[in-house]
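Novice: sequence-free structure coming up:
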């Protein structure tokens, strides 16, 4: 007989390391944008140390700001402010 797992997370918001809902998408999009920017700068011939500094600084800023917004406004806070 087969055993099937029941998904008990239906209706819950997506969460990763404390980031919830829209903050998770802002986090992922910001890091992806930083990665693409660093790749474009490196291919354009910018010094690799400058690319490394911009990548690390940009990623650190995005991580810090995203967790700060998550802590300050909560799960639905940005949507309430935008409305």
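Specialist: In hand now; what should we look at? Nothing here was measured: the structure is a model prediction, and the numbers come from that model.
Novice: What residues sit buried inside the longest helix seen in the chain?
Specialist: For the chain, the helix that runs over the most residues, judged by DSSP state H, is helix 48-73. Of the residues in helix 48-73, those buried by neighbour count under the rule 16 or more other C-beta atoms under 10 Å are 51, 54, 55, 58, 62, 66, 69, 70. Every residue, glycine included, has its C-beta placed from N, CA and C.
Novice: contacting residues around the last one?
Specialist: Looking back up the chat, that one is residue 70. The neighbourhood of residue 70, defined by C-beta atoms under 8 Å, 6 or more residues apart in numbering, consists of 18, 19, 20, 23.
Novice: Got a quick PyMOL command for the buried subset of those residues?
Specialist: Buried residues within those, as defined by 16+ other C-beta under 10 Å, are selected in PyMOL through the command that follows:
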select buried, resi 19+23
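Novice: What about the contacts of residue 70, which are in helices?
Specialist: Cross-referencing the contacts of residue 70 against helices under DSSP H gives residue 23.
Novice: Now distance to residue 43 and pLDDT too, for the contacts of residue 70, in a markdown table please.
Specialist: Output for these, formatted as a markdown table (distance: C-beta to C-beta, whole Å; pLDDT from 0 to 100):
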| residue | distance to residue 43 | pLDDT |
| --- | --- | --- |
| 18 | 35 | 75 |
| 19 | 31 | 76 |
| 20 | 35 | 75 |
| 23 | 31 | 85 |
